[in-house]
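J.: Sequence below, structure please.
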Amino acid sequence: MGSPVRVVVAKPGLDGHDRGAKVVARALRDAGHEVIYTGLRRTAQQIIDTVRDEDAAFLGLSSLSGAHNHLFPRICQLLVEQNMGDVIVFGGGIIPQDDREELFSHGIRAIFGPGTPTSDILQFIDEARTRPEVGVGGSSDWFWTSSA
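T.: I've put the predicted structure just below:
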């Protein structure tokens, strides 16, 4: 692992289930990264404000409520509009395979479902940080897939 990065882990919308987000936050922290967990039921703008205020390089979004098709693209759009297009965004939670391509087209660079080893998320961060074009506002259509 390279030097630590700052990661915001957020729960947008009305989703009240945060065990997975807390597991991810703890794994990233244990690996030496600086992690800011926003807590439950954050608006898109609250999440963007936290990313800006904390000068985060990565944003992890977690959704189990089925609202990912609305919330994730909106957050990506706000990042770009507010000049934070270099932030690398990844998602997790209950996200059907059929929805993933659309989320990738909005700038999400990885999606981790239930049961994903935390080592996969750490590998994603290590690889994505070496690619300056993969921020949510970048020109890249790259997204990370597990080698497993």
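
J.: Poorly predicted segments of the protein, please.
T.: Along the chain, the parts satisfying pLDDT under 70 run over 1, 146-148.

J.: hmm, 90 instead?
T.: Across the chain, the ranges flagged by pLDDT under 90 are 1-3, 14-17, 65, 132, 139-148.

J.: Mind listing what's buried along the helix or strand hosting residue 70?
T.: Residue 70 belongs to helix 68-81 when assigned by DSSP states H and E. For helix 68-81, the neighbour count (16 or more other C-beta atoms under 10 Å) marks 68, 71, 72, 73, 74, 75, 76, 77, 78, 79, 80 as buried. Where you see a C-beta, it was placed from the backbone N, CA and C, and this is true even at glycine.

J.: Can you list the residue ranges for helices in the chain?
T.: Secondary structure of the chain (DSSP state H): helices located at 19-30, 44-54, 68-81, 97-105, 118-128.

J.: so how far is residue 63 from the closest residue to residue 69 other than its chain neighbours?
T.: Counting by C-beta to C-beta, 6 or more residues apart in numbering, residue 69 lies nearest to residue 99, which is 5.8 Å off, once chain neighbours are set aside. With distances taken as C-beta to C-beta, to the nearest Å, residue 99 is found 10 Å from residue 63.

J.: Kind regards, and thank you for your time.
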